[in-house]
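Colleague: the following block contains a protein sequence and its predicted model.
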Amino acid sequence: MVHECHATDRDGQGGPSPILKLAGVSKRFPGVTALEGIDFTLRAGEVHVLFGENGAGKSTLINIITGALSPSDGHMFLNGERVQLDSVYAAREAGISAVFQEFSLIPQLTVAENIFLGGEEEHSRFGLISGARIRKQARKLLDELGFSISVDRSVGHLARAEQQMVEIAKALRWWPSLLILDEPTASLTDHEAQRLYSLVEKLRERGAGIIYISHRMEEVRRLADRITVLRDGRHIATLDASNADEGQLVQLMTGRTIENIFPEIRHEPRAGKIECSGLTTRSNKIVEADIEAHEGEIVGLAGLVGSGKSEIIRAMFGASEVRSGSVHLRGEDITRLSINSRIRKGMFYVTADRRTEGMILMASARENIMLPALDLPHISTASLVWGKAERAMSQQLAQDVDLQPPNPEQQAAAFSGGNQQKIMLARAMVRGPSCFLFDEPTVGVDVGARSAIYKFIGGLCEAGAIVIIVSSELPEIIHLSHRAYVVNRARVQEELSGDELTESNIARHFIE
Amino acid sequence: MNHAVTSSQSRIQTAFEMLGRFAFRLFIRQGALPYLLVLAVITFTVVADNFLTADNIFNILRQSSFLVIVALGQMLTLLTGGFDLSVGAVIAVASVAAALAMQWAGASLAESALVVIVVGSLVAMIAGLSIGAVNGIGVSVFGVSPFIMTMGTASIGAGLALYMSGGSPVYGLPMEFSDTLGFGRLAGVSYPVLIMAFAAIVMFIVVHSTRFGRYLFATGGNIKAAQLSGIGTKRSLFFAYALCGLMAAIAGILLTARLDSGDPNIGQAFPLESIAACVIAGVSLRGGIGRVENVIMGAILIGIFKNGMNLSGVDSYMQLVVIGILLITAVIADQFRLKYIARAA
């Protein structure tokens, strides 16, 4: 195990040569540039923290390093040698291992089986896996890491923190020369996190290079040797951890140039409002939330991914089960109503996850748009849908949201991400609702479509609708909303309005 | 001279190329179905003299009518992303229930054959609807996978049909039943074909022009998106399976009339053949895609194959082999087509 690490930190030229070097790496998806000309180095024996907002490009960068994505441009060097990793497997062969927030564990298998999944051949004889050997090796590894988990338990029965430990053990089973940790302490207790820190330090002493993603200042201060800040897919700065302070990092992380894409939106709040009080959902993703939003104002919900901010509006719409607390729309208790009844009362929720719960990709844009409105009296009579009225209405809505190409008969899958988002906006509009709940309304949308969407949302507010926007992008919160709540760790932490509504004020509540 | 030859050759070549491109585009748009139809018609016309005759074409339609009706019901469940393996058992139950009800009604209720037939048919339809409803409740309310749910009711149905009939055909049906629904004609068209045509028209409207139909597509297309749009997806699922049971029961009544007896052993081929008819017609097994007119053609295609093989003397056991190969070929062709479309998009 140890000799592998030695092999990687020898460089032959004297002076520490980087384990990993990225030169001008870019990644473009259709319609979106996720990374633009990134230069990045990782030295042997350093912890290099990646810092940036959601959508800054951290995940894309890591996916490129681990071979899950291939770069559109630029080169990658491992130990001075140019490489092209075309699969996660190739990256692992090259000594790169990653721990992601989404666990890659199989719940039905035991801890030991999960740790050695994909590596069984090293522990098998004549093609038969030796359970005893795997168990012994797993036990040894977990002991070395200081994790006290039984190797025979099935992973599905473990707590989230324990699953995280198994995931880490899995990444470490070959003592990789390059380890990537993506917010590894997000679900660990303080005690467990301390364990992890000393583990990371131990790996660093062995000469491994570690890329560490975190929003927590405490662990950045404790672990980081260098910090690289990404923003909007660009490399902003690389700092020595010793001379970086919190304020500077927040500024680097959020201080983007605001292109002129945000409209001025009048703020004329009226009496009618939606409010939730003491709202706790069954998933506990949100606890004791109190928020309200009035007609004629846009209220923002800011927070990192996983903070629970989406859960608030999902529960308001009836898409997440409420454990306790209540939701009132214009004074009426709607906590127990079905989604269908809430839609009839003028609410609509636009999901952040277009693919899994937004679009019906094989259907036409028209069918997608008209889905919630087929029971309107001028669209159908006694269940028979009037095709002509339906086409006319979808055509009109496509025009209203500026759908490109403006042909609602085209299959939804054939539209770009931005235009699929417009289809979802058109769907939200179709019953003329008065209370809109937007979950990341511009996710995966390019700048052009973005400004159209912002203008559209502004129009809804000025026409007197209640608008709540959940967003991980701070500029959206700052420039669109009149008032905002900051959500972190399943709770509403702070309410900001007027001059208090600044990026650094919000970001302060993100990082502890 | 030489020159002229090459130019006419090249002209032929371009004509072939254009034809090839047209054929490919047709395949991408419509799938393998039109090709299989043409292939089947040509092959059987060559092999069997009496294949392409007016009489035989009506024969094929009549023989296919049962499968068309079952496949139209099957399509509803496929659109929601499920399927129904119990259609065969429903046919058996409907057949036995209709026969027993007619026996009883004839003996103790009425002299009039019409009343007896109506009672028998109603009982059969209620039986089919009930099995379908049980499937629907299992899948929608309890979230049982359609595979397990309908396989379970298939066993229950088959068992009930055998138990009720004692394992052998039930005779003693009114003559008028088989004289009309079995062998009768109206304006020269046999009753099963008329009922098939009626069912096809109703299904076309239900699937493509009603809210219920749209909700089926939405439920199968993306169930979460449908729920967030306020659609009662459980309701859609329930009615898809209930109506599928009803359609199978109607086919069961027509088969009973044709056989002039209630038979607990009929229907076994229908689960496979009805799913095959839909899949060959381009109905997606993942839900959300399908057209009624194509499903009708898919069922008739299977009818053509069976009829053609009978006429050309293919062994009846080997026919099962051919139907299986047909299904798999069509699905492979469809995978290829979908991959091409995905790459082109």
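Modeller: That came through fine. Numbers count the residues shown, from 1 in each chain, chains lettered A, B, ... in the order given.

Colleague: any regions of the stretch 351-500 of chain A where pLDDT drops low?
Modeller: Residues of the stretch 351-500 of chain A meeting the criterion pLDDT under 70: A:444, A:446-448.

Colleague: what residues does it put near chain B?
Modeller: For the stretch 351-500 of chain A, the residues in contact with chain B (CB under 8 Å from any CB of the partner chain) are A:351, A:356-363, A:367, A:371-372, A:374-375, A:380, A:383-385, A:387, A:413-414, A:427. (Glycine included, C-beta is placed from N, CA and C.)

Colleague: mind doing that once more with 6 Å?
Modeller: With CB under 6 Å from any CB of the partner chain as the criterion, the stretch 351-500 of chain A meets chain B at residues A:357-358, A:360, A:362-363, A:371-372, A:374, A:380, A:383-385, A:414.

Colleague: residues touching B:Val41, list them.
Modeller: Neighbouring residues of B:Val41 by CB atoms under 6 Å, 6 or more residues apart in numbering or on different chains: there are none.

Colleague: just give me the residue closest to the centre of the chain.
Modeller: Answering for chain A, as no chain was given. A:Val305 (4.7 Å; CA atoms, centre = their mean).

Colleague: please go with chain B instead
Modeller: B:Ala71 (2.0 Å).

Colleague: now whichever strand or helix holds it, how far from the chain's geometric center?
Modeller: Assigned by DSSP states H and E, B:Ala71 belongs to helix B:54-79. Its chain's C-alpha centre and that of helix B:54-79 lie 5 Å apart, by CA atoms, centre = their mean, to the nearest Å.

Colleague: list the helices and strands it packs on?
Modeller: When contacts are defined as 3 or more CB pairs under 6 Å, 6 or more residues apart in numbering or on different chains; DSSP states H and E, helix B:54-79 packs onto helix B:191-209, helix B:211-221, helix B:233-259, helix B:270-280, helix B:292-311.

Colleague: would you state the strands of the stretch 1-150 of chain A in chain order?
Modeller: For the stretch 1-150 of chain A, the strands defined by DSSP state E, counting those that start in this stretch occupy A:18-29, A:32-43, A:47-51, A:73-78, A:81-83, A:96-99, A:124-125, A:128-129.

Colleague: looks to me like A:His328 is in a strand.
Modeller: Yes: under DSSP: H, G, I helix; E, B strand; the rest coil, A:His328 falls within a strand.

Colleague: in the sheet, who's paired with it?
Modeller: A:Glu275, A:Asp333 (DSSP bridges).

Colleague: I'd assumed A:Ser277 was in contact with it.
Modeller: No: judged on CB atoms under 6 Å, A:His328 makes no contact with A:Ser277 at a distance of 7.8 Å.

Colleague: quick one: which of the two has more around it?
Modeller: Per other CB atoms under 10 Å in any protein chain shown, whichever of A:His328 and A:Ser277 has more neighbours is A:His328, with 16 against 13.

Colleague: ok, now how distant is that one from A:Leu50?
Modeller: Using CB to CB, to the nearest Å, we find A:His328 at a distance of 42 Å from A:Leu50.

Colleague: OK, contacts around the residue nearest to the centre of chain B?
Modeller: Contacts for B:Ala71 (CB under 6 Å, 6+ apart) come out as B:274, B:277-278, B:295, B:299.

Colleague: can you add distance to chain A, pLDDT and neighbour count and give these back as JSON lines?
Modeller: Formatted as JSON lines, these follow (distance: CB to the nearest CB, whole Å; pLDDT from 0 to 100; neighbours: other CB atoms under 10 Å in any protein chain shown):
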{"residue": "B:Ser274", "distance to chain A": "22", "pLDDT": "96", "neighbour count": "35"}
{"residue": "B:Ala277", "distance to chain A": "20", "pLDDT": "95", "neighbour count": "31"}
{"residue": "B:Cys278", "distance to chain A": "16", "pLDDT": "95", "neighbour count": "26"}
{"residue": "B:Val295", "distance to chain A": "17", "pLDDT": "96", "neighbour count": "29"}
{"residue": "B:Ala299", "distance to chain A": "23", "pLDDT": "96", "neighbour count": "30"}
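
Colleague: close to chain A: what parts of the stretch 201-345 of chain B are there?
Modeller: Those residues of the stretch 201-345 of chain B that sit near chain A, judged by CB under 6 Å from any CB, are B:209-211, B:214, B:218, B:221-222, B:224-225, B:228-230, B:288-289, B:345.

Colleague: and those residues, which are buried?
Modeller: Among those, those buried by neighbour count (16 or more other CB atoms under 10 Å in any protein chain shown) are B:209-211, B:214, B:218, B:221-222, B:225, B:228-230, B:288-289.

Colleague: out of the residues you listed, which comes closest to A:Pro441?
Modeller: Closest to A:Pro441 out of those is B:Leu228 (14.7 Å), distances taken as CB to CB.
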